[in-house]
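Undergrad: predicted coordinates and the sequence they were generated for:
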There are 2 protein chains.
Amino acid sequence: MAKARAVRSKAPVQVRKEQQPKTADVSAVKLDILENLLSYYMRVVSVVLNRDYDHVLSSVSLAHGTGKVSTLLMVAANPGIRPSVLAHYVLRDRSAMTRLLQQMKTAGLIIEQISDRERRARELYLTAKGKSIVDKVRSLASQQSDAFFGVLSGSEQKQLMELLKKLYASHVHVEDED
Amino acid sequence: MAKARAVRSKAPVQVRKEQQPKTADVSAVKLDILENLLSYYMRVVSVVLNRDYDHVLSSVSLAHGTGKVSTLLMVAANPGIRPSVLAHYVLRDRSAMTRLLQQMKTAGLIIEQISDRERRARELYLTAKGKSIVDKVRSLASQQSDAFFGVLSGSEQKQLMELLKKLYASHVHVEDED
DNA sequence: TATTGTTATACTCTATAACTATA
DNA sequence: TATAGTTATAGAGTATAACAATA
């Protein structure tokens, strides 16, 4: 990182400055139907959220995507959890999960051992090093989320949480019927 | 695509089946602090939204990310718009924008011509082929969004839109002061 | 034969830097 | 010298398919 960016609780991260053209007007652009498309706002806000998240988490080398932090926290909360169960929650397939776990093993955060009862399976545990950063990761992740959504009032945040949980329940962790 | 997936308006897309482990229980997993973290739900819902979006849009070969559809629609609505202005809205840097535009030029959807007044700049326009798919793209994008967020009531969707627009205004298109 | 996990490939996105052409 | 756009590279994510070990 070339420039150290001071913590700015008011405006966590924006579009990078360099992206703004200097010789063209950016303000008078029509968004076509995107203007009123929920999916558009959802995606764009999410992109910015993820970038901010990566910046904040880079200090514990768990940046780049949601998977690493979720993995660390879920292994912490569920010692012995298996890669395929993790994959289900982290929304990856097993092969992507393998690569992610490989990185975390290389980083010395996680160890695995072969399950006694299911010798195909692996049980995942945090190493001492892994355990030592859990608290910091929890705190960074919470702070980042609070700061990012801090532009909303408390009741608005609660509303948003309810709406997102509803979407989550119907699109992510549906118990499929067939 | 191996299996043709029938259009299911009730449940657009879920975690792929194969991801669900067969010999391990997925239900009793603790999410640690993720359970109450807005950023977690935001990101996860967004991932599922994007996958569904890609599936739906693959029929017009504009799948893989939000950029192509946004680009098509914004060039349609703003003929002569420049790459750097587009990049600002699509949240990419100029080099990523170049590659995206290259694909769309190769696909015959967009042409560019050098600006008269600013010979460094390019002006973007839709080709006839580009214009011919705009309506379909609008309709697919709208339908996908409506279906995905259709699990929410009308007033909930309105709430969500307001909340997302507020986040968008403060994190994405802030006019920076310094 | 089915499942768990691994490896490999191809494509996309991100971030960065170096480059050109214009201003 | 600064800006618009291009090209190239390295790292990570996604999606597949083929594979080994175990059930």
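TA: Sure, I can see it.
Undergrad: quick one: the most far-flung residue of chain A relative to its centre from B:A121, how far?
TA: Most distant residue from the mean C-alpha position of chain A: A:T23, 35.7 Å away (C-alpha atoms, centre = their mean). Note on A:T23: its distance to B:A121, by C-beta to C-beta, to the nearest Å, is 7 Å. Glycine gets a C-beta too; all of them are placed from N, C-alpha and C.
Undergrad: what residues does chain A put near DNA strand D?
TA: Residues of chain A found near DNA strand D (C-beta under 7 Å from any atom of the strand) are A:21-24, A:64-65, A:67-68, A:91-93, A:95-96, A:99-100, A:103, A:118-120.
Undergrad: now with 10 Å, please.
TA: Taking C-beta under 10 Å from any atom of the strand as the contact definition, chain A meets DNA strand D at A:18-24, A:26, A:50, A:54, A:61-68, A:87, A:90-100, A:103, A:107, A:114-121.
Undergrad: of those residues, buried ones?
TA: Among the residues of chain A next to DNA strand D, those classed as buried by 16 or more other C-beta atoms under 10 Å in any protein chain shown are A:19-21, A:24, A:26, A:50, A:54, A:62, A:65-68, A:87, A:90-92, A:97, A:100, A:103, A:121.
Undergrad: one step back: any idea which helix or strand carries the residue farthest from the centre of chain A?
TA: Here A:T23, judged by DSSP states H and E, is contained in no helix and no strand.
Undergrad: name the nearest residue to the residue nearest in space to the middle of chain A, ignoring sequence neighbours.
TA: The structure's chain A has its C-alpha centroid closest to A:T66; by C-alpha atoms, centre = their mean the separation is 2.7 Å. Sequence neighbours aside, B:R43 is the residue nearest to A:T66 in space, at 4.9 Å (criterion: C-beta to C-beta, 6 or more residues apart in numbering or on different chains).
Undergrad: for A:E123, which non-adjacent residue is closest in space?
TA: Once flanking residues are discounted, A:E123 sits nearest to A:G80: 4.2 Å by C-beta to C-beta, 6+ apart.
Undergrad: could you list the buried residues of the helix or strand hosting A:V134?
TA: Here A:V134 sits within helix A:128-148, counting by DSSP H and E. For helix A:128-148, a neighbour-count test (16+ other C-beta under 10 Å) marks A:G130, A:I133, A:V134, A:V137, A:R138, A:L140, A:A141, A:Q144, A:S145, A:A147, A:F148 as buried.
Undergrad: need those in TSV (columns: distance to A:Q157 and pLDDT).
TA: Output for the buried residues of helix A:128-148, formatted as TSV (distance: C-beta to C-beta, whole Å; pLDDT from 0 to 100):
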residue	distance to A:Q157	pLDDT
A:G130	30	94
A:I133	27	93
A:V134	25	94
A:V137	21	93
A:R138	19	94
A:L140	19	92
A:A141	16	93
A:Q144	14	93
A:S145	10	95
A:A147	12	95
A:F148	11	95
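Undergrad: chain A: helices as residue ranges?
TA: A:38-57, A:67-77, A:83-90, A:94-106, A:128-148, A:154-171 (DSSP state H).
Undergrad: between the shortest one and helix A:94-106, how big is the angle?
TA: Helix A:83-90 and helix A:94-106 meet at an angle of 100 degrees, taking axes from the mean of the first three to the mean of the last three C-alpha atoms, to 10 degrees as the criterion.
Undergrad: helices or strands up against helix A:83-90?
TA: helix A:67-77, helix A:94-106, strand A:122-126 (3 or more C-beta pairs under 8 Å, 6 or more residues apart in numbering or on different chains; DSSP states H and E).
Undergrad: again, only this time at 6 Å
TA: Applying 3 or more C-beta pairs under 6 Å, 6 or more residues apart in numbering or on different chains; DSSP states H and E, one finds that helix A:83-90 contacts helix A:67-77, helix A:94-106.
Undergrad: and the contacts of it?
TA: A:G67, A:S70, A:T71, A:R94, A:M97, A:R122, B:Q19, B:Q20, B:P21, B:A24, B:V26 (C-beta atoms under 6 Å, 6 or more residues apart in numbering or on different chains).
Undergrad: among those residues, which one sits closest to A:L167?
TA: Using C-beta to C-beta, A:S70 is the member of those that lies nearest A:L167, at 17.8 Å.
Undergrad: for the nearest residue to that closest one once chain neighbours are set aside, give its distance to B:T71.
TA: Among residues not flanking A:S70 along the chain, A:V90 sits closest, at 5.3 Å (C-beta to C-beta, 6+ apart). Separation of A:V90 from B:T71 (C-beta to C-beta) stands at 30 Å.
Undergrad: again, but for A:G65
TA: 24 Å.
Undergrad: cool, and A:V134?
TA: A:V134 sits 42 Å away from B:T71, going by C-beta to C-beta.
Undergrad: let me know the closest of the buried residues of helix A:128-148 to chain B.
TA: Among the buried residues of helix A:128-148, A:S145 lies closest to chain B (C-beta to the nearest C-beta), at 3.9 Å.
Undergrad: isn't the closest one right up against B:Y40?
TA: No - counting by C-beta atoms under 6 Å, A:S145 stays clear of B:Y40, with 7.7 Å between them.
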